[in-house]
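1. No sequence on hand, only this structure:
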């Protein structure tokens, strides 16, 4: 017994020595980083107790639920977009392919793969899709397209614990105001015993399950479509598809409308007519000279329905006339390109083909440069929307107006060479 005790003591001494040597070998930068993280963790624990708990309590979270949820909670330093306490934000010059090179968003390989797998799943889940279409009025192809885009039909498993991801983002993320209410919503999910904490797996941004719903959206829109008494968006395909359908219906999806069609916009029609604020009946677009992308007439469409011009790459890519349902898809994800991807993939699931108009190459641009251009255009009286370094429809139309005013070719999409000329 004495020998065993001495062996344990020796092992403990060796471990202490190794730790001491490791600490001695740390660089000053490593030591400072370790100290910074320890301080942040202490501030995090205080924030949970002083800031989060009183609000959670007012919203109906019990002390038992709260303590169980945060007992072992630590900051996740592996998450992106963090701004630790005391750290100044860095200049935002990141490249955003989704907004700056729109064609890159529509990988033909990805679309082909998703369409092939999606058609198989349309057959497999035909019965539940029949029920969901009848109940919510959303086409099955739209539901399956969102399911495929979000998690490859549930095959991409979330890797983060939602509580830890949300608490980290709410405490020191760049978008704390967005994540704080989502952290409170996650606590409510635990309180209402929808699921135990270990089940709440999510993306790094806290989006949960196969349809990637944030906690607040889960509480409001998730449904029990398979009738087992639980809203299981992690393991139940019917619940996942039903939750997507309920979300879209509650945001205004119109049963009788599609999402949109690809069109040809003649040179005589300004690309500055793009956007959700400049809708016209289809018959008026037809009178202006717009046709389907294959140059056939729009006359067979509902001529009284409002339609909106969408040109995600200005004249450097395909153009579309979209319905209000397109903007319902944007409620699921605010990106024009996301909503277009869903609509196009849904068409592929029905047997449709690829875009008829090619996406022309667009060189990469820094967000900081676009941000500067937006500020200058705004100072000239142009409406660029939000000054954020991203090329949304308002920025595209503002740039088109600038091009026309300066006798340049009207493309409604900036490029790196022209941005410095905007003064």
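-> Thanks, I have it. Computed from a predicted model, the values in this text were never measured in an experiment.
2. Only C-alpha atoms from now on, for both contacts and neighbour counts.
-> Noted.
3. Run through the residues that contact residue 307.
-> Residue 307 is in contact with 279-282, 321-324, counting by Cα atoms under 8 Å, 6 or more residues apart in numbering.
4. should've said residue 373
-> Shown in contact with residue 373 (Cα under 8 Å, 6+ apart): 419-420, 422.
5. Dump the residues you listed into JSON lines; add secondary structure and neighbour count as well.
-> Listed next are those as JSON lines, based on DSSP: H, G, I helix; E, B strand; the rest coil; neighbours: other Cα atoms under 10 Å:
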{"residue": "419", "secondary structure": "helix", "neighbour count": "16"}
{"residue": "420", "secondary structure": "helix", "neighbour count": "12"}
{"residue": "422", "secondary structure": "coil", "neighbour count": "16"}
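6. coming back round to it: quick one: which of the contacts of residue 307 is nearest residue 265?
-> Of all the contacts of residue 307, residue 321 has the smallest distance to residue 265: 9.9 Å, by Cα to Cα.
7. That closest one and residue 265 touch, don't they?
-> No - at 9.9 Å, residue 321 does not count as touching residue 265 under the criterion of Cα atoms under 8 Å.
8. SS state for residue 384?
-> Classification of residue 384 by DSSP: H, G, I helix; E, B strand; the rest coil places it in coil.
9. That one and residue 84, how far apart?
-> Distance, residue 384 to residue 84, by Cα to Cα, to the nearest Å: 31 Å.
10. Please identify the helix or strand for residue 240.
-> Using DSSP states H and E, residue 240 falls within helix 237-250.
11. Tell me which residues are up against that helix.
-> Residues from elsewhere that reach helix 237-250 (Cα under 8 Å, 6+ apart): 128, 132, 136-138, 143-144, 146-147, 209-211, 221-226, 231-234, 328-329, 332.
12. do stretch 174-186 as well
-> Contacts with stretch 174-186, where a contact means Cα under 8 Å, 6+ apart, come from 52, 56, 81-83, 162-163, 166-167, 169-171, 214-216, 219.
13. and these, which are buried?
-> Listed as buried from the contacts of stretch 174-186 are 52, 56, 82-83, 162-163, 166-167, 169-171, 214-216, 219; burial here means 16 or more other Cα atoms under 10 Å.
14. between those residues, which is closest to residue 201?
-> Checking the buried ones among the contacts of stretch 174-186 one by one against residue 201 (Cα to Cα), the nearest turns out to be residue 162, at 5.3 Å.
15. Next step: the contacts of helix 237-250 restricted to helices.
-> Under the assignment DSSP state H, the contacts of helix 237-250 contribute 128, 132, 136, 143-144, 146-147, 221, 328-329, 332 to helices.
16. and which of those is nearest residue 314?
-> Of all these, residue 314 sits closest to residue 329, with 20.6 Å by Cα to Cα.
17. isn't the closest one right next to residue 337, touching?
-> No - with contact defined as Cα under 8 Å, residue 329 does not reach residue 337; the gap is 10.4 Å.
18. Tell me which of those two has more neighbours.
-> Neighbour totals were compared for residue 329 and residue 337, and residue 329 leads with 25 against 19 (other Cα atoms under 10 Å).
19. Let's verify the residue nearest to that one when sequence neighbours are not counted: helix, strand, or coil?
-> Among residues not flanking residue 329 along the chain, residue 339 sits closest, at 5.3 Å (Cα to Cα, 6 or more residues apart in numbering). Secondary structure state of residue 339, per three-state DSSP, is helix.
20. show me the contacts for residue 339.
-> Going by Cα under 8 Å, 6+ apart, the list of residues near residue 339 reads 326-327, 329-330, 333.
21. Report the two of those separated the most.
-> Most distant of these, by Cα to Cα, are 326 and 333, 10.9 Å apart.
22. Looking at these two, which is more packed in?
-> Using other Cα under 10 Å, the more surrounded residue of residue 326 and residue 333 is residue 326, with 23 against 12.
23. Quick check: residue 185 vs residue 128, distance?
-> Taking Cα to Cα as the measure, residue 185 falls 29 Å from residue 128.
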